[in-house]
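> need a 3D model of the following:
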Amino acid sequence: MSHLEQAPKASPSLLRAFVMVAWSFFGIRKSSEHRQDLLTVKPLQIVIVGIVCGLLFVSFLAFVVNFVTS
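Next up is the predicted model:
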């Protein structure tokens, strides 16, 4: 049996997906946590959270630029 088959399955978590996307924006990940995330987070959750976080980030940047230039 492989290592991935022996790991206990946890329920998919939207919070876990958010943490995964936040760390990917920052660019630092532990490989052990990456493997755990692959077992516990559904791909659709990652896509949805990634889009929402991306939109929030762009909106924040637009707000800061608007605030600084006005």
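> how far away is the residue most central in space within the chain from Thr69?
For the chain, the residue sitting closest to the mean C-alpha position, by CA atoms, centre = their mean, is Val21 at 1.6 Å. The gap separating Val21 from Thr69 is 29 Å, by CB to CB, to the nearest Å. No exception for glycine: its C-beta is placed from N, CA and C like everyone else's.
> likewise for Thr40?
For Thr40, the distance to Thr69 (CB to CB) stands at 43 Å.
> re earlier: next, the residue nearest to the centre of the chain: secondary structure please.
At Val21, secondary structure determined by DSSP: H, G, I helix; E, B strand; the rest coil is helix.
> show me the contacts for it.
Residues in contact with Val21 (CB atoms under 8 Å, 6 or more residues apart in numbering) are Ile46, Val49, Gly50, Cys53.
> more crowded one of Thr40 and Thr69?
Thr40 (18 against 6; other CB atoms under 10 Å).
> correct me if wrong: that one contacts Ser13.
Yes - the pair formed by Thr40 and Ser13 meets the contact definition of CB atoms under 8 Å, at 6.4 Å.
> and for the two, which residues touch both?
Contacts common to Thr40 and Ser13, judged by CB under 8 Å, 6+ apart, are absent.
> could you point out the longest helix in the protein?
As assigned by DSSP state H, the longest helix anywhere in the chain is helix 43-69.
> in that helix, what's buried?
For helix 43-69, burial by neighbour count (16 or more other CB atoms under 10 Å) applies to Gln45, Ile46, Val49, Gly50, Cys53.
> and the fourth one, what pLDDT?
Gly50 carries a pLDDT value of 91.
> once you drop chain neighbours, what's closest to it?
Ranked by CB to CB, 6 or more residues apart in numbering and with sequence neighbours excluded, the top spatial neighbour of Gly50 is Val21, at 5.1 Å.
> cool, the last one as well?
Leaving aside its chain neighbours, Cys53 sits nearest to Val21 (5.2 Å; criterion: CB to CB, 6+ apart).
> save the buried residues of helix 43-69 as a markdown table, and put in distance to Arg35 too.
Shown next, in a markdown table, are the buried residues of helix 43-69 (distance: CB to CB, whole Å):
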| residue | distance to Arg35 |
| --- | --- |
| Gln45 | 17 |
| Ile46 | 15 |
| Val49 | 19 |
| Gly50 | 19 |
| Cys53 | 22 |
